[in-house]
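Novice: sequence and predicted structure, then a few things I'm wondering about:
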Amino acid sequence: MLHFRILALSLLAFIPALKAQETKLYPIGPGWAQNSVNTTIFRKNSVTSDHTHQYAAYYDANGHVVIAKRRLDTEDWTVKQTAFTGNIQDAHNSISIAIDGQGILHLSWDHHNNSLRYARSKSPDSLEFTPIIPMVGDRESDVTYPEFHSIVNGDLLFLYRDGESGRGNLIINRYQVATQKWTRVQTKLLDGENQRNAYWQAHTDPDSETIYLSWTWRETWDVSTNHDICYAASHDGGQTWQKSSGEQYPLPITATTAEYAARIPQNSELINQTSMCADANGHPYIASYWTPAQSDTPQFHIAYHDGQSWHTSQITRRQTPFSLSGGGTKRIPISRPQILADSTGPTTKAYLIFRDVERQNRPSIATCPDLAKPTWQITDLAELDLGQWEPSYDIPLWHSQKQLALFIQKTAQGDAETTQQLPPQQVSILQYTP
């Protein structure tokens, strides 16, 4: 175990790259960077916190899972190289972490159609982990896209795909702090009927049992066959599901029964597995990018529900066209975006976090001060070229304090699971207060 003191002198090298006094960088250590496995957007979570500590996870250059921890009131990181390793050649095989209501850190890593890799800390605030252990013990041999989500009473949900692209099902497990056991909630929530596959993103309310879920359908293994954005919500921890109107879904949800938040045809450069959130009123916001009609240039958009109906808002006016096709992880000139909403004041503010080659691959934020009048202003959070980075952030810290803590690392990415030569790059947390 290593203990790092971040000296003021070492921070001086980063200060000129920061764009505002509200932004601060917390360096941690070097991580593997030859593909985007450390920075892919579907990491839930790369960085997370409770009321006292913040944790971050990444692979080092040898493929070891590294866990870093600091008190939120200090700049000191404790960095632990665990005994766990992953296939860092595949950008799907990311690391996900979460803290339950007792302060136990849960860890899942290294998945692309293989057996569940799951462990948890032996005691609260500890960086010592159990061996690999099962959750439920059923349908845990073909796991991809592991995601932890926090709900009421410190319980956790665990979402993952069981099966391969084109025939995968969404599994939902629940960890109850009171019993310290996992149970199965859903085995097949979204059904592609052997004709298509759902790629989802989720958001949960940590103060209730509410889950927000959205997804695109993909007709084949080819990303160009992505189409449409669908929506469902549950208010009982995933047992039952409703449309935005309150109408209850028959389960499983199919392409025929799904509610469509936005109709987007195939071959629109619609990307999968982006992000969503909800405001304090329970209104959902879904972020993605796709090519508008009569255009060849993908733009960032959000689809959102205002309590009455669905709307879409185009955020960017990009000039650089590109096309998505084929399988595997793609090398793309823009990242998938993160969406955050803040309705604590008289208006609902929205923030979109992204990377774009047109902005020199910097971490950028688009801000809308009032979604009722959707105008967006874009600025860069730091003058850092992050390569193929995609944003992920500390969800509990945003929920409790409206502070944005981004996992930052420059990474490369070749097309279709290939790597590019890039030495280990600094992993940091970039904290920004809007």
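Specialist: Happy to help now that I have it.
Novice: which residues of the protein score low on pLDDT?
Specialist: Residue ranges of the chain with pLDDT under 70: 1-21, 165-167.
Novice: which residues of it fall in helices?
Specialist: 8-11, 395-401 (DSSP state H).
Novice: packing partners for the longest one?
Specialist: Read it as helix 395-401. Here helix 395-401 touches strand 47-49, strand 404-408, going by 3 or more Cβ pairs under 8 Å, 6 or more residues apart in numbering; DSSP states H and E. The way it works is simple: take the backbone N, C-alpha and C, and place the C-beta from them, glycine included.
Novice: export those strands to TSV and tack on distance to residue 113?
Specialist: Below are the helices and strands packed on helix 395-401 laid out as TSV (distance: least, Cβ to Cβ, whole Å):
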stretch	distance to residue 113
strand 47-49	26
strand 404-408	25
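Novice: for residue 155, which of those strands is the nearest?
Specialist: Closest approach to residue 155 among the helices and strands packed on helix 395-401 (Cβ to Cβ): strand 47-49, 14.9 Å.
Novice: span of stretch 162-170 from start to end?
Specialist: 6 Å (Cα to Cα, to the nearest Å).
Novice: quick one, which of the helices and strands packed on helix 395-401 is nearest to residue 284?
Specialist: Comparing the helices and strands packed on helix 395-401 against residue 284 with Cβ to Cβ, the closest turns out to be strand 404-408 (19.5 Å).
Novice: which residues sit in contact with the nearest residue to residue 164 once chain neighbours are set aside?
Specialist: Nearest residue to residue 164, sequence neighbours excluded (Cβ to Cβ, 6 or more residues apart in numbering): residue 113, at 5.5 Å. The contact partners of residue 113, by Cβ atoms under 8 Å, 6 or more residues apart in numbering, come to 142, 143, 144, 163, 164.
Novice: can you pick the most crowded of those residues?
Specialist: residue 143 (23 neighbours; other Cβ atoms under 10 Å).
Novice: which residues touch that residue?
Specialist: If a contact means Cβ under 8 Å, 6+ apart, then residue 143 has 111, 113, 114, 115, 116, 117, 160, 161, 162 as its contacts.
Novice: out of these, flag the one nearest to residue 173.
Specialist: residue 160 (8.2 Å).
Novice: is it possible to get CSV of the helices and strands packed on helix 395-401 that adds mean neighbour count and distance to residue 56?
Specialist: Shown next, in CSV, are the helices and strands packed on helix 395-401 (neighbours: other Cβ atoms under 10 Å; distance: least, Cβ to Cβ, whole Å):
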stretch, mean neighbour count, distance to residue 56
strand 47-49, 25, 4
strand 404-408, 25, 6
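Novice: and of those strands, who's closest to residue 224?
Specialist: strand 404-408 (29.0 Å).
Novice: what does the closest one rub up against?
Specialist: Contacts for strand 404-408 (Cβ under 8 Å, 6+ apart): 25, 38-39, 43, 46-47, 49, 54, 56, 58, 340, 351, 353, 363, 381-382, 384, 386, 389, 391-394, 397-398, 427-434.
Novice: still on that earlier bit, nearest to residue 175, out of the helices and strands packed on helix 395-401?
Specialist: For residue 175, the closest of those is strand 47-49, at 14.6 Å, according to Cβ to Cβ.
Novice: what is the neighbour count of residue 289?
Specialist: For residue 289, the count of nearby residues is 25 (other Cβ under 10 Å).
Novice: surely residue 41 touches residue 272?
Specialist: No - applying Cβ atoms under 8 Å, one finds residue 41 not in contact with residue 272, separated by 10.3 Å.
Novice: pick out whichever of the two has more residues nearby.
Specialist: Between residue 41 and residue 272, residue 41 has the larger neighbour count (other Cβ under 10 Å), namely 23 against 20.
Novice: which residues touch the more buried one?
Specialist: Residue 41 neighbours (Cβ under 8 Å, 6+ apart): 273, 274, 275, 335, 336, 338, 390, 391, 392.
Novice: quick one: residues contacting the last one.
Specialist: When you say that, I think you mean residue 392. By Cβ under 8 Å, 6+ apart, the neighbours of residue 392 are 39, 41, 43, 44, 45, 46, 47, 338, 406, 407.
Novice: over to the closest residue to it other than its chain neighbours: give its phi and psi.
Specialist: Nearest-residue entry for residue 392: residue 46, 4.3 Å, with adjacent residues in sequence omitted and distances by Cβ to Cβ, 6+ apart. Backbone torsions for residue 46, taken as degrees, to the nearest 10, come to phi -80, psi -30.
Novice: same thing with residue 389?
Specialist: phi -60, psi 140.
Novice: thought it was touching residue 357?
Specialist: No - with contacts counted by Cβ under 8 Å, residue 389 stays clear of residue 357, the gap being 11.6 Å.
Novice: which of the two has more residues huddled nearby?
Specialist: Using other Cβ under 10 Å, the more surrounded residue of residue 389 and residue 357 is residue 389, with 29 against 16.
Novice: and that one, how far from residue 316?
Specialist: 17 Å (Cβ to Cβ, to the nearest Å).
Novice: just residue 159 next, same as before
Specialist: For residue 159, the distance to residue 316 - Cβ to Cβ - is 29 Å.
Novice: which one of these two is surrounded by more residues?
Specialist: The residue with more neighbours, out of residue 159 and residue 316, is residue 159; 25 against 22, by other Cβ under 10 Å.
Novice: without its sequence neighbours, what residue ends up closest to that one?
Specialist: In space, residue 159 is closest to residue 147, 4.5 Å off (Cβ to Cβ, 6+ apart).
Novice: please apply the same query to residue 212.
Specialist: Spatial nearest neighbour of residue 212, chain neighbours left out: residue 203 (4.5 Å); criterion: Cβ to Cβ, 6+ apart.
Novice: in the stretch 251-400 of the chain, which spans are strands?
Specialist: Using DSSP state E, counting those that start in this stretch, the strands of the stretch 251-400 of the chain run over residues 259-262, 275-278, 284-290, 299-305, 310-314, 338-342, 349-354, 364-368, 377-380.
Novice: redo those as a markdown table? Include distance to residue 86.
Specialist: Converted to a markdown table, those look like this (distance: least, Cβ to Cβ, whole Å):
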| stretch | distance to residue 86 |
| --- | --- |
| strand 259-262 | 34 |
| strand 275-278 | 23 |
| strand 284-290 | 27 |
| strand 299-305 | 30 |
| strand 310-314 | 37 |
| strand 338-342 | 23 |
| strand 349-354 | 25 |
| strand 364-368 | 29 |
| strand 377-380 | 31 |
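Novice: looking at those strands, which is nearest to residue 93?
Specialist: Here strand 275-278 is closest among these (Cβ to Cβ), at 20.0 Å.
Novice: which strands and helices sit next to that closest one?
Specialist: Contacts defined by 3+ Cβ pairs under 8 Å, 6+ apart place strand 275-278 against strand 197-204, strand 211-218, strand 284-290, strand 338-342.
Novice: may I have the strands that pair with that strand, each with its orientation?
Specialist: Neighbouring strands of strand 275-278 in its sheet, by DSSP bridges, are strand 284-290 (antiparallel).
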